[in-house]
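>>> can't give you the sequence, but here's the structure:
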């Protein structure tokens, strides 16, 4: 197992376009989290899944954002009608249960909206 | 978002010196975690301290937790140039979300 994988590493898109990111968690982990990080700030929670169920969503996750985790394995995060304010690093993490050993983060997808 | 505060925002030291970073948080926690992030990369989990623990060690890392003051500190002993990174504390409350501070940028000069 090579850890949490995120794809793509970088994405440049024009304002108004839709983008989709993928996260492959550690296979034994049942929880998967999405965070967003802007330059100079700490990550901010977006949403998390336990298996295939989306259990919590942040108010940061506007109607333009949707996340799925079909079959409780990989997850996708889609942003529709991107805006310049969506430019950020999108981080995925996974854990077993409540993460009593900490969370394992992927390297992130850096989104630039031009 | 309810982010905690980290102090200092930036710290520059010489190799071999100790580095201390502080974190304050606002709510009752299940645990507090420290992460490291190299520029443009993901976060790496360093250490977790539970709300009923006061001190924890891992290699050159020492973490303390004072729940009465809602504060934690991370000490890195005998620092190395490779320790240069941003360090974040993150409080875990009920519901499994982590709330991160703004981080401390540590620079260790060779």
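Perfect, I can see it now. These numbers were taken from a predicted model, which means no experiment stands behind them.
>>> element containing residue B:87, please.
Per DSSP states H and E: residue B:87 is located in strand B:85-92.
>>> partners of that strand, with directions?
strand B:31-37 (antiparallel), strand B:98-100 (antiparallel), strand B:104-109 (antiparallel) (DSSP bridges).
>>> so where do the strands sit in the chain?
As the question left the chain open, I've gone with chain A. Using DSSP state E, the strands found in chain A span residues A:5-7, A:10-13, A:19-24, A:31-37, A:44-50, A:53-57, A:65-68, A:75-79, A:88-95, A:104-105, A:109-113.
>>> not quite, I wanted chain B
Per DSSP E, chain B carries strands over the ranges B:5-7, B:10-14, B:19-24, B:31-37, B:43-50, B:55-58, B:61-66, B:71-76, B:85-92, B:98-100, B:104-109.
>>> among the ones you listed, which gets the worst mean confidence?
Mean pLDDT is lowest for strand B:5-7 among the strands of chain B, at a mean of 84.
>>> how about it: buried residues?
residue B:6 (16 or more other CB atoms under 10 Å in any protein chain shown). In this view, the C-beta of every residue, glycine as well, is placed from N, C-alpha and C.
>>> which residues touch the residue lying closest to residue B:41 once chain neighbours are set aside?
Leaving out its chain neighbours, the residue that sits closest to residue B:41 by CB to CB, 6 or more residues apart in numbering or on different chains is residue A:107, at 5.6 Å. Contacts for residue A:107 were tallied using CB atoms under 8 Å, 6 or more residues apart in numbering or on different chains; they are A:6, A:9, B:41-42.
>>> on that earlier part again, relative to residue B:91, which of the strands of chain A is closest?
strand A:44-50 (11.3 Å; CB to CB).
>>> got the angle for that closest one vs strand A:75-79?
140 degrees (axes from the mean of the first three to the mean of the last three CA atoms, to 10 degrees).
>>> angle of strand A:44-50 against strand A:88-95?
40 degrees.
>>> elements contacting strand A:44-50?
On a contact count with 3 or more CB pairs under 8 Å, 6 or more residues apart in numbering or on different chains; DSSP states H and E, strand A:44-50 meets strand A:31-37, strand A:53-57, strand A:65-68, strand B:98-100.
>>> For the third one, buried residues please.
Put plainly, it is strand A:65-68. For strand A:65-68, by 16+ other CB under 10 Å, it's A:65-67.
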